[in-house]
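Novice: For reference, the sequence and a predicted model appear below.
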Amino acid sequence: MNQWLSAVFSHPDLAGILAIAGKTAFIYLFLIFGLRLLGKRELGQMSVYDLVLIIVIANAVQNAMLGNDNTLVGGLVAALTILIMNRILTWFIVRQPNFKNFLLGIPVLIVRDGIMLTGPMDRAGITNENVLAAMREHGISDIERVQMAVLENDGSISIVPAESPVHRTHHRFRGLRVS
Amino acid sequence: MLPNLPTFLLLAAIAVRTLIVIIILFIAVRLLGRRAVGGMNMIDVIAILLVGNAVQNTLTYGSGRLEIGLVSSAVLILTETAIIFLISRRPNLEQTLIGQPTVIFSDGYIDRRKMERQGVEEEELLEAVHSMGLSDLSQVHLAVLEENGSISVIPKVD
């Protein structure tokens, strides 16, 4: 029984725990910045190949995180390290717009008053067909009837039809303070 | 290295470990996780995939034996089923475990404190407004952050 319990509740020594936490944190940051350098920011623009790449990388770094450790505590330390790092990064993203823009990109205007803005579209890798598909989703067949189309951070394209009433504001966020 | 145990005890150890890991992860994600899954981004996807790999050796002792993998995944599926069953029986439990909808914008008033606590950004709110085909918040009656992380927008009726 004792032997069984120690097989279940195994744990590395303190140095092992610190090593796992440190390596895991480093790998997480390394992957984020590495993929950022490759220009992979917007999730919705990720192709299946990009997703495969990320899954393969996650498997490739598994042993680097844990070494040969297969204890209960070791795995939990690695998992909690990642979740805590994610929380910290999210905290920064919410409070530091510059950091957020650097890491995740900003929404891009791709159609303005019925005219496709080809420059921003090319840079974001959006084709005419992508825009037309988003319009059809909103039940709009004619681009003349699109007041504004925005490529959002999550990669989706949102469409504001021309007939919706416009409330002009000086600045985007001024629009939030409505009387 | 597999511990030197008879097969039955080994599989029991795998089952208990899997149960401990999934429960701790569930609690950790509840406490640490950003609720706005709808606004999931790059760093969240990487985190999820890495967490899955991080606990892999713990679940299986790094062993590729078929029966170990089967026991481990069976426990995962059963735990998930049990949690869903419990939640459907007791709606109160759902509020504690998963959270409840939060009103983040109501008739001209934007609740920044709630948004900050939930890790929702103004841009995400505007994204939701745009995807409803509205151009800005003055056309919005109510915006609610749902439990699944999406933001529902109810337009003003003129």
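Specialist: Cool, the structure landed.
Novice: got the buried residues for the lowest-mean-pLDDT helix or strand in chain A?
Specialist: Lowest on mean pLDDT, DSSP states H and E among the helices and strands of chain A sits helix A:97-104, with a mean of 78. By neighbour count on 16 or more other C-beta atoms under 10 Å in any protein chain shown, the buried set for helix A:97-104 is A:Lys100, A:Leu103, A:Leu104. Any C-beta I mention is one placed from the backbone N, CA and C, and that applies to glycine too.
Novice: That one and chain B, any residue contact?
Specialist: Yes: counting by C-beta under 8 Å from any C-beta of the partner chain, contacts between helix A:97-104 and chain B involve A:Lys100, A:Leu103, A:Leu104.
Novice: For those, give me a markdown table that also has distance to B:Leu70.
Specialist: Shown next, in a markdown table, are the residues of helix A:97-104 next to chain B (distance: C-beta to C-beta, whole Å):
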| residue | distance to B:Leu70 |
| --- | --- |
| A:Lys100 | 43 |
| A:Leu103 | 40 |
| A:Leu104 | 39 |
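Novice: sorry, back to before: distance from the chain centre to the least confident helix or strand of chain A, please.
Specialist: Offset of helix A:97-104 from its chain centre (C-alpha atoms, centre = their mean, to the nearest Å): 11 Å.
Novice: what's the helix or strand bottoming out on mean pLDDT in chain B packed up against?
Specialist: Every helix and strand of chain B was ranked by mean pLDDT, DSSP H and E. The lowest is helix B:91-97, at a mean of 75. With contacts taken as 3 or more C-beta pairs under 8 Å, 6 or more residues apart in numbering or on different chains; DSSP states H and E, helix B:91-97 sits against helix B:66-89.
Novice: low-scoring stretches of chain A, by residue?
Specialist: Applying pLDDT under 70 to chain A picks out residues A:38-47, A:154, A:164-179.
Novice: Which residue ranges make up the domains of it?
Specialist: Domains of chain A are assigned by automatic domain parsing as A:2-104, A:108-163.
Novice: pull the CA atoms of the least confident helix or strand of chain A into CSV?
Specialist: Provided in CSV are the C-alpha atoms of helix A:97-104 (Å, rounded to 0.1, in the frame of the first residue of the first chain):
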residue,chain,number,x,y,z
PRO,A,97,-2.4,48.6,-25.5
ASN,A,98,1.1,48.8,-27.0
PHE,A,99,2.1,45.4,-25.7
LYS,A,100,-1.2,44.1,-27.0
ASN,A,101,-0.7,45.5,-30.4
PHE,A,102,2.8,44.1,-30.6
LEU,A,103,1.6,40.6,-29.5
LEU,A,104,-1.8,40.3,-31.1
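Novice: Stretch B:67-75 and chain A in contact?
Specialist: No: applying C-beta under 8 Å from any C-beta, one finds stretch B:67-75 separated from chain A by no less than 11.3 Å.
Novice: ok, residues contacting that stretch?
Specialist: Stretch B:67-75 has contacts (C-beta atoms under 8 Å, 6 or more residues apart in numbering or on different chains) with B:Thr7, B:Leu10, B:Leu11, B:Ile14, B:Ala15, B:Thr18, B:Leu19, B:Ile22, B:Leu59, B:Thr60, B:Tyr61.
Novice: Now narrow those to whatever sits close to chain A.
Specialist: Near chain A, taking C-beta under 8 Å from any C-beta as the test, the members of the contacts of stretch B:67-75 found are B:Leu10, B:Leu59, B:Thr60, B:Tyr61.
Novice: wait, doesn't the second one sit right on B:Ala15?
Specialist: Read it as B:Leu59. No: using C-beta atoms under 8 Å, B:Leu59 is not in contact with B:Ala15; the gap is 10.0 Å.
Novice: more neighbours, the two?
Specialist: Set B:Leu59 next to B:Ala15 and count neighbours by other C-beta atoms under 10 Å in any protein chain shown: B:Leu59 wins out with 25 against 18.
Novice: Please, which helix or strand holds the residue of chain A found nearest chain B?
Specialist: Residue of chain A nearest chain B, by C-beta to the nearest C-beta: A:Gly75 (2.9 Å). Element membership for A:Gly75 (DSSP states H and E) is helix A:72-95.
Novice: Lovely, talk soon.
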